[in-house]
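Visitor: based on what follows, work out the 3D shape:
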Amino acid sequence: MSSSAGTDDRAELAGYVGIWWQAVNDFLDLLEELGEEEWTAPTDLAGWDVRACAGHTAHLESVLAGNPEETADIGEPAHVRGVMGMYTEIGVVNRREASPDAIINEIREVTTKRHTTLLADPPTDGDAKPAVIFGGVPWSWRTLLRNRPLDVWMHEQDVRRAVGRPGNMDSAAARHTADYLAESLGYVLGKKVGAPTGTSLVLDMEGSEPFAFEIDDNGRGQRVPVPADATVTLRMDRESFIRLAGGRCQAEPGRVSVAGDRALGEQVLASLATTP
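Guide: Reported below is the predicted structural model:
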């Protein structure tokens, strides 16, 4: 790797660390505001309440901070899907009886430890594999560090909807998450919807530059400059997009519009979810 590439990687990865750290602190600030009864409020995630979102976050961050992998008898809950779903349930089960203060303090302790380590010995190669990662997922440093602010901020929003405290839609983590999820629209258009060659899609999302994709000769949705006359254009605010792309809940009525091929647009909207 050239020195310029290494410098670029270091700056990129350090940027993700900064966004994650702010997301963690925003999440902790929110959790500290909640009354004990609010910790049992159900979220949009099937089978998970506020405590589950916080417990899951504590679990993953604990492993990333170097603590041992956890085990638990999770049973056969109806909402769990797939191997990763079974893994993420471990942290929820192990913290089901923990007090709110205990979970908050655990998140603060393990993330502070990890943040200190990342500042003292920052990763320099985005394609390299971290020495420690949860569940043995085969991610590079780039994928791991891009994913963590998304995961933390999405769970902050899950909690906010559950307790009726909307907000924090214009933070660095909010922008990072929305733009990161928007990158998957080519996959949605090409693989999930199966649009034909030449089909173009534009996402005009409030707070971000427009995203445009076109299906190439191999059936893949490639990022392209915004065309003058797209096959379909979706317009929505950031919150509506992250609800749909995050597989959470429907957007509020009147906050999403479709221009161009309406049938295709509705197909795309129904297929937007790319993360649990």
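
Visitor: what about residue 65, how many neighbours?
Guide: Using other C-beta atoms under 10 Å, residue 65 has 18 neighbouring residues. For the C-beta atoms, the positions are set from N, CA and C on the backbone; glycine is no exception.

Visitor: hmm, it is touching residue 111, no?
Guide: Yes. Residue 65 is in contact with residue 111 according to C-beta atoms under 8 Å; the separation is 7.2 Å.

Visitor: any idea how far residue 198 lies from residue 58?
Guide: Using C-beta to C-beta, to the nearest Å, residue 198 is found at 47 Å from residue 58.

Visitor: so the two - more neighbours on which side?
Guide: Here residue 198 and residue 58 are set side by side on neighbour count (other C-beta under 10 Å), and the busier one is residue 58, at 25 against 10.

Visitor: please identify the helix or strand for that one.
Guide: Here residue 58 sits within helix 50-64, counting by DSSP states H and E.

Visitor: in that helix, what counts as buried?
Guide: 50-64 (16 or more other C-beta atoms under 10 Å).

Visitor: so the residue most central in space within the chain, which of the three states?
Guide: Nearest to the mean C-alpha position of the chain, counting by C-alpha atoms, centre = their mean, stands residue 150 at 3.3 Å. Assigned by DSSP: H, G, I helix; E, B strand; the rest coil, the conformation of residue 150 is helix.

Visitor: how much space between it and residue 25?
Guide: Using C-beta to C-beta, which is the criterion applied here, residue 150 is 16 Å from residue 25.

Visitor: what's the answer for residue 66, then?
Guide: According to C-beta to C-beta, residue 66 stands 21 Å off from residue 25.

Visitor: residue 76 now?
Guide: Distance check for residue 76 against residue 25: by C-beta to C-beta, it reads 36 Å.

Visitor: now do the helix ranked longest in the chain against helix 50-64, angle only.
Guide: Secondary structure of the chain per DSSP state H: the longest helix is helix 3-33. Interaxial angle, helix 3-33 versus helix 50-64 (axes from the mean of the first three to the mean of the last three C-alpha atoms, to 10 degrees): 140 degrees.

Visitor: just checking, what packs against helix 3-33?
Guide: Counting contacts by 3 or more C-beta pairs under 8 Å, 6 or more residues apart in numbering; DSSP states H and E, helix 3-33 is packed against helix 50-64, helix 100-120, helix 141-163, helix 172-182.

Visitor: helices and strands around the second one, which ones?
Guide: Spelled out, it's helix 100-120. By 3+ C-beta pairs under 8 Å, 6+ apart, helix 100-120 packs against helix 3-33, helix 50-64.

Visitor: I'd guessed residue 192 sits against residue 270; true?
Guide: No. Under the criterion of C-beta under 8 Å, residue 192 is not in contact with residue 270, lying 9.2 Å apart.

Visitor: that older thread, by mean pLDDT, show me the worst of the helices and strands packed on helix 100-120.
Guide: Least confident of those, judged by mean pLDDT, is helix 3-33 with a mean of 91.

Visitor: tell me how many other residues crowd residue 184.
Guide: For residue 184, the neighbour count with other C-beta under 10 Å is 19.

Visitor: list the residues that contact it.
Guide: Neighbouring residues of residue 184 by C-beta atoms under 8 Å, 6 or more residues apart in numbering: 245, 274.

Visitor: now it: how far from residue 201?
Guide: From residue 184 to residue 201 the distance is 12 Å (C-beta to C-beta).

Visitor: likewise for residue 127?
Guide: Separation of residue 127 from residue 201 (C-beta to C-beta) stands at 29 Å.

Visitor: who has more neighbours, those two?
Guide: Neighbours were counted for residue 127 and for residue 201 using other C-beta under 10 Å; residue 201 has more, 29 against 11.

Visitor: quick one: contacts for the closest residue in space to residue 73 that isn't next to it in sequence?
Guide: Once flanking residues are discounted, residue 73 sits nearest to residue 93: 7.5 Å by C-beta to C-beta, 6 or more residues apart in numbering. Shown in contact with residue 93 (C-beta under 8 Å, 6+ apart): 72, 73, 74.

Visitor: state the distance from the second one to residue 90.
Guide: If I follow you right, that is residue 73. 9 Å.

Visitor: the more surrounded of those two?
Guide: Set side by side, residue 73 and residue 90 show more neighbours around residue 90, with 21 against 6, by other C-beta under 10 Å.

Visitor: I appreciate the help and will end here.
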